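Peer 1: sequence and predicted structure, then a few things I'm wondering about:
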Amino acid sequence: MAEYIDVAQARNMSGLRIVLSPGVPGPWSEAAKGIFYVKKFPYVKVRQEVGGPNLALQEWTAQATAPVTVWNDEPPRSTWIQQLFLAERLAPSPSLIPANIDERILMFGYSNEICGETGFGWSKRLMLIHATLSDPNTNEAARTSSLHFGKKYGYTPEAGAAAPARVAQILQVLNLRLEQQQRQGSKFFIGNQLSALDIYWAAFAALIQPLPQELCPMPPAFRTRYTNTDPVVQAAVTPRLFEHRDFIYHEYLELPIEL
């Protein structure tokens, strides 16, 4: 496992610090790590206690989850889009945001469908919460934990039931985009070079089918929860989506993943 420092240590440091959850392959966290890995920009990993109160983290960053990026004395950044713009400022090359405005609009639109509120990752979280809360065999501790987790994502039974269709729709659109790009001779979602969108999909694809254990070691419980079994979602999954994920990881990102 990678080396982490605690929040108290991190607050007294300068430079880039990224709050992450040790041992957990959270897609937003893996995307942030991937972006800074591509840019070869060094950072220190700060420990978020999974399932803990994280009071020190709350005091520092005004929230208790990961990832969060903190640069020197600037305000903490806890959203994917803030973190991307910080990375572009700290390490302009290679740029992961297209210079062409039409391509830039496309990249941010597709990225929001993956990373943003009600997007792919958000909806997959709703599915996990719904599966736990709708199971009559769920114990009280798991039910309480899921209800607490669900508040972050605005969980309702109706939102949970609608989530698979939304995930499937996003997968279909991503697959179509890759198909169009491949017809034009491109291996990437946007234009002819790597963008943040390629990294976002590579990281978030784990919520359907995680990388093999030798490339991304994770607790069996997480692998089971991440692996999709929903038939509506599975009908939208194509080999093309995972060929792209594998291409991005093997060509651009760190393997094996260090959690």
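Peer 2: Looks like it came in fine.
Peer 1: got the buried residues for the helix-or-strand element of the chain with minimal mean pLDDT?
Peer 2: Scoring the helices and strands of the chain by mean pLDDT, DSSP states H and E places helix 140-152 at the bottom, with a mean of 84. Judged by neighbour count using 16 or more other Cβ atoms under 10 Å, the buried positions of helix 140-152 are Ser146, Phe149, Gly150. Bear in mind the C-beta positions are built from the backbone N, C-alpha and C, glycine included.
Peer 1: please apply the same query to stretch 221-228.
Peer 2: Phe222, Arg223, Arg225, Tyr226, Asn228.
Peer 1: CA atoms only: put it into CSV for me.
Peer 2: C-alpha atoms of stretch 221-228 as CSV (Å, rounded to 0.1, in the frame of the first residue of the first chain):
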residue,chain,number,x,y,z
ALA,A,221,-15.9,-7.0,-1.0
PHE,A,222,-15.1,-3.9,-3.1
ARG,A,223,-14.5,-6.0,-6.2
THR,A,224,-17.8,-7.7,-5.7
ARG,A,225,-19.7,-4.4,-5.2
TYR,A,226,-18.0,-2.7,-8.2
THR,A,227,-18.6,-5.6,-10.6
ASN,A,228,-21.9,-4.9,-12.4
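Peer 1: can you name the residues in contact with it?
Peer 2: With contact meaning Cβ atoms under 8 Å, 6 or more residues apart in numbering, stretch 221-228 is reached by Val24, Pro25, Leu128, Ala206, Leu207, Ile208, Gln209, Pro210, Gln213, Met218, Gln234, Val237.
Peer 1: isn't the fifth one up against Pro27?
Peer 2: Yes. Using Cβ atoms under 8 Å, Leu207 and Pro27 qualify as a contacting pair, with a distance of 6.0 Å.
Peer 1: what residues do these two have in common as contacts?
Peer 2: Gly121.
Peer 1: what about this structure, any weak spots by pLDDT?
Peer 2: Scanning the chain with the threshold set as pLDDT under 70 gives 1.
Peer 1: so where's the longest helix in it?
Peer 2: If you go by DSSP state H, the chain has its longest helix at helix 157-183.
Peer 1: give me the contact list for the least confident helix or strand of the chain.
Peer 2: Helix 140-152 is contacted from outside by Gly51, Thr65, Arg125, Leu126, Ile129, Thr132, Leu133, Thr138, Tyr155, using Cβ under 8 Å, 6+ apart.
Peer 1: apply 10 Å and report the result again.
Peer 2: Contact with helix 140-152 is made by 51, 63-65, 122, 125-126, 128-133, 135, 138-139, 155-156, 159-160, as judged by Cβ atoms under 10 Å, 6 or more residues apart in numbering.
Peer 1: how about Leu197, what does it touch?
Peer 2: So Leu197 contacts 96-98, 103, 106-111, 113-115, 174, 177, 188-190 (Cβ under 10 Å, 6+ apart).
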